[in-house]
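*Asks:* My questions concern the predicted model and sequence given below.
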There are 2 protein chains.
Amino acid sequence: MTTLTPKILAFDVFGTVVDWHGSIVAEMARLYPQVDGNAFALAWREGYRPAMARVMSGELGWTRIDELHRMILDDILPRFGLQAMPEAERRLLNRVWHRLNAWPDVVPGLMRLKQRHVICTLSNGNIGLLTHMARHAQLPWDCVLSAEVFQAYKPDPRVYRGVAEVFYVAPAEVMMVAAHQDDLAAARACGLLTAYIERPLEFGAGQPKDVSPEPANTLHARDFLDLADQLGA
Amino acid sequence: MTTLTPKILAFDVFGTVVDWHGSIVAEMARLYPQVDGNAFALAWREGYRPAMARVMSGELGWTRIDELHRMILDDILPRFGLQAMPEAERRLLNRVWHRLNAWPDVVPGLMRLKQRHVICTLSNGNIGLLTHMARHAQLPWDCVLSAEVFQAYKPDPRVYRGVAEVFYVAPAEVMMVAAHQDDLAAARACGLLTAYIERPLEFGAGQPKDVSPEPANTLHARDFLDLADQLGA
């Protein structure tokens, strides 16, 4: 147990809070059983960073993740033999990102962490998406913060500094919680505390992820319950 | 019971959700019993619109309500013989707006309304203030939306249209809920549905408020439980 008491815990969402890979594989198995759901989920997610890079370079104006997800979806459907999918079905499928399921430790962990800390999202997902997801997965956020609020995508420093500004606290009073070392490195460069969460199955059982500790992080936790233990919550 | 099913219920906060007058009177009675708490609360709130008008006219750059509240506080303290109040005490007192209490019908009403509708704030209060208030008063918002997100204060149309855009819905799928006819009139002009909530004691028992119905509103409700009844929630 440490004596750290960050006032604000800011959570990355995709992969850290919700199992995007497993949720998309399950949806594909239900709706399009002929498709390789694992490859489909990976291809959809792979388009994410390049799409955000087009926004941050100025090639695209400010665009929300719902729209980026849709552009990537339209792009990959032909590769999976689904090029004939009608518009209404594409819209519905694109909303799968609003219906992702939380990892099993998340809700009990957040309920404990919320007792002593303000808990908020800090995600590149847009506000509407994160709000619908919170309702679906019963995530008890105090507040939904998004790249949409700051009009910049992580790892842009404006997003990390923005949380501290919103709450009038010093950057070192905010702890970024994520399953991705690059997100945490960018947060650390802005003066935030960092907690790494192991999500070895983020990309599915076929593609186990390296979850070895990075000594530069403030904390390294197996999951949200372990994080609550380490924060004395 | 109507058959209206707005997807999003957007709530004004000060006066509609929380009893700012009663909460400030109680805080003043506890900390500064020599002061007329009723007059103090009214004076503090009276400075609110002129301060926002200075921001919206461009005289002040974008300024959050926490800072506007502080400017007004510094301005009124001498009038109440409190000009010697030290900085740390001013800061603490200014945070009273984060600790306002909800009207008694609010939490049970929101719990019912949340079952079928997305419930969010749509307040000129800043995100940090609204988040702390939600924790204090146990308000189960799905999402905290604020003038701070849209960088404009109500009744600017960008705020009302902003909610619909955040959730990718038509303005008529959003219902603005407020205890103030001018807020509702501005929302209606942007195509939102409107629900008026009676809060006859918003300004205290000494200054009862006219709560008579405005026929242009979609609904007129005594309180949040009546609103839930009328929406079939």
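*Replies:* It's in.
*Asks:* Would you confirm that A:V107 contacts A:P140?
*Replies:* Yes. At 7.3 Å, A:V107 and A:P140 qualify as touching, with contact defined as Cβ atoms under 8 Å. Backbone N, C-alpha and C define where each C-beta goes, glycine included.
*Asks:* just so I have it, where are all the helices in chain A?
*Replies:* Ranges of helices in chain A, per DSSP state H, are A:20-31, A:37-46, A:48-56, A:65-76, A:87-94, A:106-113, A:127-137, A:147-150, A:157-166, A:181-189, A:224-230.
*Asks:* so what's A:F14 scoring on pLDDT?
*Replies:* Here, the pLDDT recorded for A:F14 equals 98.
*Asks:* what's it in contact with, if anything?
*Replies:* A:W20, A:R45, A:L100, A:S123, A:N124, A:G125 (Cβ atoms under 8 Å, 6 or more residues apart in numbering or on different chains).
*Asks:* Can you give the distance of the helix or strand bottoming out on mean pLDDT in chain A from its chain's centre?
*Replies:* Counting by mean pLDDT, DSSP states H and E, the weakest-scoring helix or strand in chain A turns out to be helix A:48-56, with a mean of 91. Computed by Cα atoms, centre = their mean, to the nearest Å, the chain-centroid distance of helix A:48-56 equals 15 Å.
*Asks:* List the contacts of stretch A:194-206.
*Replies:* Stretch A:194-206 is contacted by residues A:15-16, A:19-22, A:25, A:38, A:41-42, A:103, A:175-179, A:181, A:184, A:187-188, A:208-209, A:211, A:213-214, A:216-224, A:227, A:230 when judged by Cβ under 8 Å, 6+ apart.
*Asks:* any idea how far the residue located most distally from the centre of chain A is from A:G47?
*Replies:* The centre of chain A is farthest from one residue, A:A84, which by Cα atoms, centre = their mean lies 30.1 Å away. As for A:A84, its distance to A:G47 is 20 Å (criterion: Cβ to Cβ, to the nearest Å).
*Asks:* show me where pLDDT drops low in chain A?
*Replies:* For chain A, the stretches with pLDDT under 70 are A:1-3.
*Asks:* what does it have sitting close to chain B?
*Replies:* Contacts of chain A with chain B, taken as Cβ under 8 Å from any Cβ of the partner chain, map to A:66, A:118, A:120, A:126-128, A:130-132, A:134-135, A:142-145, A:148-149, A:166-168.
*Asks:* rerun at 6 Å
*Replies:* With the criterion set to Cβ under 6 Å from any Cβ of the partner chain, chain A comes near chain B through A:I127, A:G128, A:T131, A:R135, A:D142, A:C143, A:V144, A:V149, A:V166, A:F167, A:Y168.
*Asks:* Neighbour count added to the residues you listed, as a markdown table?
*Replies:* Formatted as a markdown table, the residues of chain A next to chain B follow (neighbours: other Cβ atoms under 10 Å in any protein chain shown):
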| residue | neighbour count |
| --- | --- |
| A:I127 | 26 |
| A:G128 | 24 |
| A:T131 | 28 |
| A:R135 | 15 |
| A:D142 | 22 |
| A:C143 | 26 |
| A:V144 | 30 |
| A:V149 | 22 |
| A:V166 | 24 |
| A:F167 | 23 |
| A:Y168 | 16 |
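*Asks:* Select, from those, the two members most distant in space.
*Replies:* A:R135 and A:Y168 (28.5 Å; Cβ to Cβ).
*Asks:* thinking again about what came up before, ok, residues contacting the least confident helix or strand of chain A?
*Replies:* A:L60, A:T63, A:L68, A:I72, A:Y153 (Cβ atoms under 6 Å, 6 or more residues apart in numbering or on different chains).
*Asks:* Now a ChimeraX select for only the buried ones of the contacts of stretch A:194-206.
*Replies:* Selection of buried members from the contacts of stretch A:194-206 for ChimeraX, criterion 16 or more other Cβ atoms under 10 Å in any protein chain shown:
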select /A:15,16,19,20,21,22,25,38,41,42,103,175,176,177,178,179,181,184,187,188,211,217,218,219,220,221,223,224,227,230
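*Asks:* For stretch A:108-128, list every residue counted as buried.
*Replies:* For stretch A:108-128, by 16+ other Cβ under 10 Å, it's A:109-110, A:112-114, A:117-128.
*Asks:* Give me the domain ranges for chain A.
*Replies:* Residue ranges for each domain of chain A read A:8-19+A:100-230, A:21-98, as given by automatic domain parsing.
*Asks:* and these as CSV, adding distance to B:L77?
*Replies:* Listed next are the domains of chain A as CSV, based on distance: least, Cβ to Cβ, whole Å:
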stretch, distance to B:L77
domain A:8-19+A:100-230, 21
domain A:21-98, 42
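*Asks:* pretty sure A:P171 contacts A:G191?
*Replies:* Yes. A:P171 sits in contact with A:G191 when judged by Cβ atoms under 6 Å, with a separation of 3.3 Å.
*Asks:* what's stretch A:223-233 in contact with?
*Replies:* The set of residues external to stretch A:223-233 that reach it, using Cβ under 6 Å, 6+ apart, is A:M1, A:D105, A:V106, A:G109, A:R112, A:L113, A:R116, A:A195, A:L219, A:A221.
*Asks:* just to revisit the earlier point, report the angle between the least confident helix or strand of chain A and helix A:65-76.
*Replies:* Per axes from the mean of the first three to the mean of the last three Cα atoms, to 10 degrees, the angle that helix A:48-56 makes with helix A:65-76 is 120 degrees.
*Asks:* burial measure for the spatially closest residue to A:M111 that is not a sequence neighbour, as a count.
*Replies:* Leaving aside its sequence neighbours, A:M111 sits nearest to A:P140 (Cβ to Cβ, 6 or more residues apart in numbering or on different chains; 6.2 Å). For A:P140, the neighbour count with other Cβ atoms under 10 Å in any protein chain shown is 13.
*Asks:* Repeat that for A:E46.
*Replies:* 12.
*Asks:* residues in contact with it?
*Replies:* Contact analysis of A:E46 by Cβ under 6 Å, 6+ apart lists nothing.
*Asks:* ok, it to B:G47 distance?
*Replies:* On the measure of Cβ to Cβ, A:E46 and B:G47 end up 53 Å apart.
*Asks:* same check, this time on A:N217
*Replies:* With Cβ to Cβ as the criterion, A:N217 and B:G47 are 45 Å apart.
*Asks:* How about A:A216?
*Replies:* Distance, A:A216 to B:G47, using Cβ to Cβ: 47 Å.
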